[in-house]
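Asks: sharing a model prediction with you, sequence too.
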Amino acid sequence: MNTWLKILNSFILQAQKGDLKVSIYPSEWSDLRMRVSFGKGAPARIPWIAFIAPEMQVSNGFYPVYLYYKDLSTLILAYGVSETEEFAKTWPAKIMNSVVTITSYFNQDVPRYGDSYVFKSYKIKENGSQLKYLYSDSGKLATEKDIESDLYSILEYYKKIVSIETTSPTSALGQGLFYMESQLEDFIINNWENTELGEKYDLIVEDGEMISQQYKTALGPIDILAKDKKTGNYVVIELKKNQTGDDTVGQVTRYMGEIKTTKRDNKVKGVIIAGTYDRKLASSLKMISNIDVYIYEVDFKLSEFKEK
C-alpha cells in the first residue's frame, strides 16, 4: 500500500471514531501546506484534508481539498473554496463554468462546503478496517494508483495556477509577477503563430477543438503539448514557475516519458519556458540534449503624462 493511501485510510477510519487529534499527519505534501481537521471541540460533520499555497489560509483562499461526507459515505476530492472569506483570486473560469458544485452534485443541501467544485467522488465501502474506494459515477474500483494519480493531477494543476517565481512573493512586485506568469500560458496559446514556438511546432486539434493546453496525463496536466512541424514528434512544453531549475527539468522529463509510452513516440522533445536561465537549470540540462530553453521577457515601464 502506497504512503498516500495509508494516510487517507487513517483519515477515513479516524473520522468514524470521532478522534480529533491531527498530530500524526504530515504538515506538508507535494510542496504545499497540508492541513487536516476532524473538528474543534466536537467532531465535525465534514472532516477534511486541505492542500494550501503559502499565501492562503483555509479560511481565506482556494485549494484542493478532500471532504468526507460521512452520512453519505462519500469522499469528495474538490476544487475547494473558503467559506469564511473570499480570496482575491479563485479557480479559473473554465472550472467554475464547467464543473458542478457539491450542492448540485448531491442534488440536496449539504451541511458545509456546498460551493466547492467536484473533481472526483468516491463511495467508501468498509469491511472492518478494510476500505474500498469506488468511483461514484461508474462504480469502478479506484486502485491505489488511481487515487494517487487523482490527487497528483489536481495538486499539479493547482500549483501551476498559484505559482510565484520570485524570492519575495509577498511584495507588490512579486504579486505582479505572479499574475503575469499565471497569464503567460494563455498569452502564448493565443499568440502561438506569432511566437518562435509557432514557427516550429503545431498545436494539437482533435474534432475541431484545440487540446494542447493543460493536456491531461496520468501524471498531471502538461502546460502545452505540441507537435514538431517537420517530424510530427510530440513536444512537451512547460513553464518554469515557482520551481528550481532541476525541479522543472525533472517534471518535463517525467511528462516526456509518459508521452513516449502513451503515444509510442521515441523522439519526444522537451521545451522549458523560463524568466531566467539560472545555474541549477543550466547544470540540470548538461546531460540532456533533447530539451530546449526559451527565456521570456516582461517589459514594464511608466511614462509621465504631460498635458499638451
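Replies: Yep, it's here.
Asks: secondary structure element holding the most centrally placed residue in the chain?
Replies: For the chain, Tyr157 is the residue whose C-alpha lies nearest the centre (Cα atoms, centre = their mean; 1.9 Å). Per DSSP states H and E: Tyr157 is located in helix 144-162.
Asks: list the buried residues of that helix.
Replies: By neighbour count with 16 or more other Cβ atoms under 10 Å, helix 144-162 contains the buried residues 146-148, 150-151, 153-162. The C-beta positions use only the backbone N, C-alpha and C, and glycine is treated the same way.
Asks: and the helices in the stretch 51-200 of the chain?
Replies: In the stretch 51-200 of the chain, the segments counted as helices under DSSP state H, counting those that start in this stretch are 93-98, 102-106, 144-162, 172-190, 196-200.
Asks: contacts for the third one?
Replies: Residues outside helix 144-162 that contact it (Cβ atoms under 8 Å, 6 or more residues apart in numbering) are 1-2, 4-5, 8, 29-32, 51, 53, 55-56, 63-64, 77, 79, 89, 91-92, 119-120, 122, 133, 142, 178, 182, 185, 214, 216, 218-221, 223, 239, 241-242.
Asks: among these, name the buried ones.
Replies: Applying 16+ other Cβ under 10 Å to the contacts of helix 144-162 flags 4-5, 8, 29, 32, 51, 53, 55-56, 63-64, 77, 79, 91, 119-120, 122, 133, 142, 178, 182, 185, 214, 219-221, 223, 239, 241-242 as buried.
Asks: just these: which are in strands?
Replies: Among those, the members falling in strands (DSSP state E) are 29, 32, 51, 63-64, 77, 79, 119-120, 122, 133, 214, 223, 239.
Asks: which of those residues sits closest to Thr101?
Replies: Among these, Tyr79 lies closest to Thr101 (Cβ to Cβ), at 9.6 Å.
Asks: surely the closest one touches Tyr113?
Replies: No. Under the criterion of Cβ atoms under 8 Å, Tyr79 makes no contact with Tyr113, lying 11.0 Å away.
Asks: let me see the contact set for the closest residue to Ile95 other than its chain neighbours.
Replies: Take Ile95 and drop its neighbours on the chain: the residue closest to it by Cβ to Cβ, 6 or more residues apart in numbering is Tyr79, 5.5 Å away. For Tyr79, the contacting residues are Phe62, Pro64, Trp91, Ile95, Val99, Ser116, Tyr117, Val118, Phe119, Ile154, by Cβ under 8 Å, 6+ apart.
Asks: what do you get for Ser73?
Replies: Per Cβ under 8 Å, 6+ apart, neighbours of Ser73: Lys123, Ile124, Lys125.
Asks: any idea how many residues pack against the second one?
Replies: Using other Cβ atoms under 10 Å, Ile124 is surrounded by 19 other residues.
Asks: using the three-state scheme, assign Arg254.
Replies: helix (DSSP: H, G, I helix; E, B strand; the rest coil).
Asks: sorry, back to before: farthest pair in the contacts of Tyr79?
Replies: Spanning the widest gap among the contacts of Tyr79 are Phe62 and Val118, at 14.5 Å by Cβ to Cβ.
Asks: neighbour count winner among these two?
Replies: Taking other Cβ under 10 Å, Phe62 and Val118 do not tie; Phe62 has more neighbours (23 against 19).
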